[in-house]
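*Asks:* Here's a sequence, model it:
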Amino acid sequence: MLMKSTFRSFHRTLASLLLVLCITALGSAANAQSNEPTQVKTPDPATNSTSTSGENASGLCERPEQWLWAETYQEGEMAFHGSKVWKAVEETSGDMPGMNEPSRWELVDDHCSMVDQ
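*Replies:* Predicted coordinates:
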């Protein structure tokens, strides 16, 4: 009786390992469809300044970070809030973009991350 239980347990373990091996092999084959190396553009830190259009010096579009209530923003810094890009017109802390009067934020309509929306 002990032999049958041990054999069944071993059989289940072996079947599980074979299943994992098959899934891994299929996943590797699916990821290896192209032999071309992937080109990754990394921005140069020395020229990594972002304009009001959102493109940095290397031409990549960078969406600003999500606006945070606890963050202090300096004049000219941008934030993403309410599916829109906003630029601080003066130092602001805790002022939600588009909510306070007089507004400490201005909407950036021509930001590159907003083109497709």
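*Asks:* from what I can see, Leu26 looks like it's in a helix, true?
*Replies:* Yes: assigned with DSSP: H, G, I helix; E, B strand; the rest coil, Leu26 falls within a helix.
*Asks:* Neighbours of Glu90, how many?
*Replies:* 13 (other C-beta atoms under 10 Å). Heads up, the C-betas are built off the backbone N, CA and C, glycines and all.
*Asks:* Secondary structure element holding it?
*Replies:* Taking DSSP states H and E as the definition, Glu90 sits outside all helices and strands.
*Asks:* you'd agree it is up against Glu75?
*Replies:* Yes: Glu90 is within contact range of Glu75, at 5.3 Å (criterion: C-beta atoms under 8 Å).
*Asks:* What distance do you get for Val112 to Pro64?
*Replies:* Not quite, residue 112 is Cys, not Val. In this view, Cys112 and Pro64 are 11 Å apart by C-beta to C-beta, to the nearest Å.
*Asks:* Please name the residues that touch Thr92.
*Replies:* 72-73, 104-105 (C-beta atoms under 8 Å, 6 or more residues apart in numbering).
*Asks:* from those, which two are the most distant?
*Replies:* Thr72 and Trp105 (13.4 Å; C-beta to C-beta).
*Asks:* Compare these two (neighbour count), which wins?
*Replies:* The neighbour count for Thr72 versus Trp105, taken as other C-beta under 10 Å, is higher for Trp105 (23 against 11).
*Asks:* Helices of the protein, residue ranges please.
*Replies:* 2-31 (DSSP state H).
*Asks:* residues in contact with stretch 65-82?
*Replies:* Applying C-beta under 8 Å, 6+ apart, the contact partners of stretch 65-82 are 50, 52, 54, 63-64, 85-94, 96-98, 105, 108, 111, 113.
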